[in-house]
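*Asks:* Below are the sequence and a predicted model; questions follow.
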Amino acid sequence: MDEKYILGLRKGSHADFNKLYDLYADRLYGFAYNLTHSSEMAEEIVQEVFLKIWQMRERIFFSFFPLHHCQKQISE
């Protein structure tokens, strides 16, 4: 399922980016909030992660996108 959206994302599809955001943002927020205990920081982290994903969209592969990779990025 995510593969379709990732292919679209790699081609610059805003709709597919938004769909991936909808699928992952809440879980990433929860993970970031558990690390920071701050809703403001968690929101900022999620925004930064998705900004980075958009900026790197042409280099993203299917194996990159699963949630654990995004959570690893937040942890660093």
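*Replies:* In hand now; what should we look at?
*Asks:* Please name the spatially closest residue to the spatially most central residue of the chain (chain neighbours excluded).
*Replies:* Residue closest to the average C-alpha location in the chain (C-alpha atoms, centre = their mean): Phe50, at 4.5 Å. Excluding its sequence neighbours, the residue lying closest to Phe50 (C-beta to C-beta, 6 or more residues apart in numbering) is Tyr21, at 5.7 Å. The way it works is simple: take the backbone N, C-alpha and C, and place the C-beta from them, glycine included.
*Asks:* Relative to Arg10, how far out is that neighbour?
*Replies:* Separation of Tyr21 from Arg10 (C-beta to C-beta, to the nearest Å): 15 Å.
*Asks:* Those two: who's more crowded?
*Replies:* Tyr21 (18 against 15; other C-beta atoms under 10 Å).
*Asks:* which residues sit in contact with the residue nearest to the centre of the chain?
*Replies:* Contact analysis of Phe50 by C-beta atoms under 8 Å, 6 or more residues apart in numbering lists 17, 21, 25.
*Asks:* coming back round to it: do you know how far the residue nearest to Phe50 is from Ile60?
*Replies:* Taking C-beta to C-beta, one finds Tyr21 at 14 Å from Ile60.
*Asks:* what does Ala32 give?
*Replies:* According to C-beta to C-beta, Ala32 stands 20 Å off from Ile60.
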